[in-house]
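Undergrad: Predicted model follows, preceded by the sequence.
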Amino acid sequence: MKLTCLSKGGGFHFPPCHMLNFCGLRILLDCPLDLSALTVFSPVPAGFVSLPSKQSSSSQTFGSLGLEVGSDKRSKVEKPLDANSLIFAEPWYKSVKNLHLWNWCSIDVILISRPMGMLGLPFLTRMKGFSAKIYVTEVSARFGQLMMEDLVSMHAELRQIYGPEESNFPPWMRQEGLEMLPSKLREIILGKDGGELGSWMPLYSAADVKDCILKVQTLKYGEEACYNGILIIKASSSGVEFGSCNWILSGPKGDVGYISCSSFNSAHAMDFDFQSLCGTRTLIYSDFSSLSVTQDVEDGSDSSKPSVNESLFLSDNNSSSVEQAECFLNSDENLEEKEKLVFISSCAIECVKSGGSVLIPVSQTGTLLQLLEQLIASLESSAMEVPIFIISSVAEELLAFLNIIPEWLCKRRQERLYAGEPLFMHANLIKEKRLHVVPAIYSHKLLMNWQEPCIVFSPHWSLRLGPVVHLLRRWCGDPESLLILEDVLNPELALLPFKPIVMKVVQCAFPSGIELHKVQPLLKMLQPKIVLFPEDLRSQISFSSANSFTASYYSEGETLRVPCQKDNTELKIATDLASQFHWKKLKKEDINVSRLKGELFLENAKHHLLLQNEQDDSSKRRPLLHWGSPDVGRLLTALSKLGINATLERVTSNTESQSSCILHVQDPHKALIEVGATSTVITAANENVANLIFEAIDSIMDGI
C-alpha cells in the first residue's frame, strides 16, 4: 500500500487531498478547490476601483506597482499592496497543487468525505478518458451540487463584467505579467516553490456540473458498495457537516480506515461514528484541524485534562479504560462554539441598535443555522424586530432540502421531529416573514422587502464573488455596520478592494475537527495496528513504545509505503464443494492437500472457489505435480517390489551440483530413468513399464 499526500489543505473550506494505492487500485481521497486564492483577483466594484491607465508606447505601467517596462531595460520597485495591485480579469480557480501532475485516466476510485471536497470534481469528470467511480454520501452529493451551481452562478456575474477570455492563456499568467505582481500575490499564484501555476483552470460550466453529478454513486451511512469485486467501500459519519463521512476500505489483503476532519458532538449533524472504525488494521489520520493547537501532548499526560487522560492510559483494567475513553470522547465539546455564537449575536444586536446593518458571509451550513437561531433568540430577548435576509441562488432549495434529511441529523434535532417540532427554525421564520430568502441582490422580492438596518447572510466568504461584493460596497463606509468573517483568509488582502473601510469587522474561527488531547483516547478505542499521521503532528503529540500500533508519518508531496497488511488470503468454499475434496497428507510436512479443477474468482473483496461439474473421483487421477528429488536407494527398492530390476550409474559433470544418476531397466522391458538436480526423466518403450516406474516414484515422493 502507498499513500501520497497531494495537499494538506487549508481549513474547513479546503480539505486535504490524498492519493492511495490499495489492492492494486488508485484511489483519490477528496478533490477540493482552494477558493481562498480568489483574493488575488479584483471583484471590480464599478466606480470604486480605478483601472490602470494606458501610457505611451515606449513604456507601460501595470496597475500602480511601480513596475516600468521600457524597450531596453526593466526596473522593479515594489510599492505597498493596494486595490490596483489585484488582477483585473475573469477569475481562474486553483485546484490541488499536485493533482495536475497525475494521469487522471489512471484513477480508479474517488471518495468524497464532505461537500467542500467535491468542488474540483468537474475539472476531472470533463476530461477525455476519465472513467473513475465516484462515491459520496447522498447529502454531501446534494450539498456539493448546490455549492457548485452557486459558484457557477456567482462567477457568471463577473464574466458579464469582463467578458469571455480571448485565449486559454490569459495575460496575467504569462511570465511578464507574473513578474509585475507584488510578491504576496505571486506567492499565492505560484506557491512557495513556484510550481503551482498548472493548478489554475477556468471554471467549469453548469453542464459540467450536471454531467459530474450523473457520474456519482451515492451511499447512506453504513451502506457497503463493491468496486470491481475487489474493494468494499463503506461511509460512516464524521460529525463535522451534513453528510460528511469517514471511509472504511476492505480488500483481500486487509482493511484501511480514513479519518477526515471529525467532530464527536455536533449540534446539527450526526455525531462522529468512531465505533465503526474499531478493529480496522490501518488508519490514515487526516484531520489537519488539530495541527492548529500548539500544546504538546504525550502519553499519560495532558496539561489541559491531566486527571482524565491519566486514568485512560494508566488503568490496569483494559475494559474499564476503554469505557472511560468512550465516555471522555463523547463529552460535550460544543461549549466553545456556543460561546462564539453568543458573542457574535451580541455584537450584531449592538450594531443593529446603533442603526447599522450586519453582513454575514458564513458558508458553513450548520454554523449558519445555529447563528440564525441564536440571533432570533437575542432579538426576541431585546424586543427588537429586524428583517433578516438570505441572498443566494440556491438558498431556497438548500433550506427545503434540510427539512427532509432527519436521519442525517444529530439526536437532538431528531427529537424535535418526534415532538412535532420543525427540525430547524428557518421554516417558521419564513412563514412569519421574519426571514426573507431571495436568489439575487436585484430580485423583486428583495427590493419590495428591503429596509435597513438589517441582517444579511450571503455568499461568498472570499469576498470576491456574489452579493457580498455589492453589500460591502454599500456598507464599508458606515462605522455602525458590521462584517463577520470566517477565519479562513487573510483579512487585509480580502478587504483590500473595499478600502478605506470603516465598518466594524469581526473575524471568528469556528471549531471543527478532533481536539488534540482526544487523539490518543480515540486510538485506544479503535486499536489499529498501523496509523499514518501527518508529519506536522509529530512535534505536537508523541507516542510511546507501549502503544499497540505502529506510527508512520507522511509529508505533503511525498509517497509513504506501508508493508502488506496480511501474509495470507482467505478463501470462501461452499460446504458441499469442500466435502468432495480427497485429502492427501504430505510425507515430509504436516500438511493436507487436495487436487481439484475449478475456477477461482474475486467477489465482494473475497476469494471464492467454484468447482467444475465433474463426477470423476480425483483420488484415481494420476498426480500432476511432484516436488523434490527422489531418493535413489528408495527408488530402487520401490521398483524391485513392482518386479522391475534396475542398475545404477552415477554421472558427474564439471560441477558437483549438476551431478545426476541414471537407472537402467532391462527387465521386463528396457527403460531409462534419469534423476537430475531439477527434474526426473523416464524413457520407456513399453507403456505398462512407464506406468509402473511412475507408480514407484509417486510412492516415495509428495505429489498431488
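TA: Everything's here; your move.
Undergrad: And the strands in the stretch 301-450 of the chain?
TA: 358-360, 388-391, 435-438 (DSSP state E, counting those that start in this stretch).
Undergrad: most packed of the ones you listed?
TA: Ranked by mean neighbour count, those are led by strand 358-360 with a mean of 26 (mean count of other Cβ atoms under 10 Å). C-beta coordinates here come from the backbone N, C-alpha and C atoms, glycine included.
Undergrad: which strands and helices sit next to that one?
TA: helix 335-353, strand 455-457, helix 467-475, strand 482-486 (3 or more Cβ pairs under 8 Å, 6 or more residues apart in numbering; DSSP states H and E).
Undergrad: Identify the residues contacting A377.
TA: Applying Cβ atoms under 8 Å, 6 or more residues apart in numbering to A377 gives the contacts S345.
Undergrad: picking that back up, is it possible to get the strands of the stretch 301-450 of the chain out as JSON lines so that each row also shows mean pLDDT and distance to F264?
TA: Below are those laid out as JSON lines (pLDDT from 0 to 100; distance: least, Cβ to Cβ, whole Å):
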{"stretch": "strand 358-360", "mean pLDDT": "97", "distance to F264": "27"}
{"stretch": "strand 388-391", "mean pLDDT": "96", "distance to F264": "29"}
{"stretch": "strand 435-438", "mean pLDDT": "96", "distance to F264": "31"}
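Undergrad: for these, which one sits closest to F169?
TA: strand 388-391 (34.8 Å; Cβ to Cβ).
Undergrad: Okay, now the sheet partners of that closest one, with direction.
TA: Applying DSSP bridges, strand 388-391 is found paired with strand 435-438 (parallel), strand 455-457 (parallel).
Undergrad: Check the offset of it from the chain's centre.
TA: 33 Å (Cα atoms, centre = their mean, to the nearest Å).
Undergrad: what do you get for stretch 417-437?
TA: Worked out by Cα atoms, centre = their mean, stretch 417-437 lies 34 Å from the chain centre.
Undergrad: Please apply the same query to stretch 458-468.
TA: 26 Å.
Undergrad: closest to N490 out of the strands of the stretch 301-450 of the chain?
TA: Closest to N490 of the strands of the stretch 301-450 of the chain, according to Cβ to Cβ: strand 358-360, at 18.4 Å.
Undergrad: starting at the chain centroid, how far to that closest one?
TA: For strand 358-360, the distance to the chain centre is 32 Å (Cα atoms, centre = their mean).
Undergrad: Could you list the low-pLDDT ranges of the stretch 301-450 of the chain?
TA: 301-333 (pLDDT under 70).
Undergrad: one step back: can you list the strands of the stretch 301-450 of the chain in TSV and add distance to G628?
TA: Formatted as TSV, the strands of the stretch 301-450 of the chain follow (distance: least, Cβ to Cβ, whole Å):
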stretch	distance to G628
strand 358-360	79
strand 388-391	79
strand 435-438	81
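Undergrad: Among those strands, single out whichever gets nearest to L446.
TA: strand 435-438 (4.3 Å).
Undergrad: pull the CA atoms of that closest one into CSV?
TA: What follows is strand 435-438, C-alpha atoms only, in CSV (Å, rounded to 0.1, in the frame of the first residue of the first chain):
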residue,chain,number,x,y,z
LEU,A,435,-36.8,35.7,7.3
HIS,A,436,-36.7,36.5,3.6
VAL,A,437,-34.9,34.1,1.2
VAL,A,438,-34.1,35.6,-2.2
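Undergrad: next one: that strand to chain centre, how far?
TA: 34 Å.
Undergrad: Give me the contacts around that strand.
TA: 372, 387-391, 395-396, 399, 426, 429-430, 445-446, 449.
Undergrad: Could you work out the most separated pair of those residues?
TA: L372 and K445, at 18.6 Å, using Cβ to Cβ across these.
Undergrad: SS state for the nearest residue to S393 once chain neighbours are set aside?
TA: The spatially closest residue to S393, leaving aside those adjacent along the chain, is S153, at 4.2 Å (Cβ to Cβ, 6 or more residues apart in numbering). For S153, the secondary structure call by DSSP: H, G, I helix; E, B strand; the rest coil comes out as helix.
Undergrad: Q666 falls within a helix, correct?
TA: No. The assignment for Q666 (three-state DSSP) gives strand, which keeps it out of a helix.
Undergrad: Let me see the contact set for the closest residue to it other than its chain neighbours.
TA: Closest residue to Q666 apart from its sequence neighbours, by Cβ to Cβ, 6+ apart: N645 at 6.4 Å. Going by Cβ under 8 Å, 6+ apart, N645 touches 639, 665-667.
Undergrad: Out of the residues you listed, the closest to D271 would be?
TA: For these, the nearest to D271 is L639 (75.9 Å; Cβ to Cβ).
Undergrad: Just confirm P115 contacts A269, I think it does.
TA: No. P115 is not in contact with A269 according to Cβ atoms under 8 Å; the separation is 11.5 Å.
Undergrad: Overlap of the contact sets of these two?
TA: With Cβ under 8 Å, 6+ apart as the test, P115 and A269 both reach 241-244.
Undergrad: Need the pLDDT of P45.
TA: On pLDDT, P45 comes in at 53.
Undergrad: lowest-confidence helix or strand of this structure?
TA: Between all helices and strands in the chain, the lowest mean by mean pLDDT, DSSP states H and E belongs to strand 60-61, at a mean of 30.
Undergrad: winner for burial among the helices and strands packed on strand 358-360?
TA: strand 455-457 (a mean of 25).
Undergrad: So what touches that strand?
TA: 348, 352, 357-362, 368, 372, 375, 386-392, 467, 471.
Undergrad: In space, what's closest to T365 - neighbours in sequence excluded?
TA: F242 (6.3 Å).
Undergrad: And that neighbour, how close does it get to T683?
TA: In this view, F242 and T683 are 78 Å apart by Cβ to Cβ, to the nearest Å.
Undergrad: burial of the residue nearest to T365, as a residue count?
TA: Neighbours of F242 under the rule other Cβ atoms under 10 Å: 24.
Undergrad: Make sure it is indeed in a helix.
TA: No. F242 sits outside any helix when classified using three-state DSSP, being coil.
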